[in-house]
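Visitor: need the 3D shape of this:
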Amino acid sequence: MNVLIVYAHEEPHSFNAALKNTAIRHFEKLGHKVVVSDLYRMKFKAVADGEDFLERRNKYVLTRQHEEAKAHELGTLSHDILVEQKKVQECDLLILQFPLWWFSMPAILKGWVDRVMTLGFAYGDDKWYDRGGLQGRRAMLSITTGGPEHYYRERGINGELEQILYPIHHGILFFCGFTVLPPFVAWSPAHIDKPTRHHLMEAYEKRLSEIEEEEPLSFHPLSHYGEDLRLRQEFTP
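Guide: Numbering: from 1, shown residues only. Got it, this is the predicted structure:
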């Protein structure tokens, strides 16, 4: 199995780094190939702009999707995007490792998504959701939170974590064709004692050991929607 870990934390001694390192050791011990995109260390350019295209269809007005489609066809995306796309293409499992910041992912990781998941590569025409361009690959979020677990449950002040992560799970990963696995969540590691952090690390390794048999999250396929792209009545709870 080829594993790609896209890691977004600025501190190499963080709990996120420890989770990333645990995953590397676990998969390599089993003989799997692991590739890591350490976005801060790479100084990955997070801002999507005209410099992403070596040639432009329209030199005066930047319409990003049009330029992405042309660049994908001609192979004229910038080198750093092509490198990351090759990593994604070759992976069987994608792990996004990051701290939950402002109810979402850090800007550098969102920029990786903006620039790497281009039209023609990850989606396009009839290639979206369960027909997305990256079908046949699995993806999982491994995240840390600032607040404890009950903040993110029913009636919790931050709202339910499932709803917070829905734009990433459904709107990015499933949209691009990934089979999406349930997230691994390390609740508030900055505010717990060392034995509890050690227990979290053991739980993560156990989770990774069972990942190939794990049931994915369930999302409606395109066949469940009508011509108006609204869920058909028979599939509505």
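Visitor: and the pLDDT for residue 125?
Guide: pLDDT for residue 125: 86.
Visitor: pLDDT score for the residue nearest the centre of the chain?
Guide: Central residue of the chain (Cα atoms, centre = their mean): residue 96, 4.6 Å from the mean position. pLDDT for residue 96: 98.
Visitor: helix, strand, or coil at it?
Guide: strand (DSSP: H, G, I helix; E, B strand; the rest coil).
Visitor: so who does the closest residue to residue 46 other than its chain neighbours touch?
Guide: Distances taken as Cβ to Cβ, 6 or more residues apart in numbering put residue 111 closest to residue 46, at 2.6 Å, once the chain neighbours are dropped. Yep, even glycine has a C-beta here, placed from its N, CA and C like the rest. Contacts for residue 111 (Cβ atoms under 8 Å, 6 or more residues apart in numbering) come out as 44, 45, 46, 47, 48.
Visitor: how does it look with 7 Å?
Guide: Applying Cβ atoms under 7 Å, 6 or more residues apart in numbering, one finds that residue 111 lies in contact with 46, 47, 48.
Visitor: give me the distance between the second one and residue 187.
Guide: Read that as residue 47. 32 Å (Cβ to Cβ, to the nearest Å).
Visitor: neighbour count for those two, which is higher?
Guide: residue 187 (19 against 11; other Cβ atoms under 10 Å).
Visitor: how about the more buried one, nearest residue that isn't a chain neighbour?
Guide: residue 149 (4.4 Å).
Visitor: residue 122 versus that neighbour, what's the distance?
Guide: For residue 149 relative to residue 122 (Cβ to Cβ), the value is 32 Å.
Visitor: repeat that for residue 86.
Guide: With Cβ to Cβ as the criterion, residue 86 and residue 122 are 13 Å apart.
Visitor: tell me which of the two has more neighbours.
Guide: Neighbour tally, residue 86 and residue 122, criterion other Cβ under 10 Å: the higher count belongs to residue 122, 24 against 11.
Visitor: report the contact partners of that one.
Guide: 132, 133, 134, 176.
Visitor: one more time with 6 Å, if that's ok
Guide: 133, 134, 176 (Cβ atoms under 6 Å, 6 or more residues apart in numbering).
Visitor: what is the nearest of these to residue 31?
Guide: residue 134 (24.1 Å; Cβ to Cβ).
Visitor: cheers, nothing more for now.
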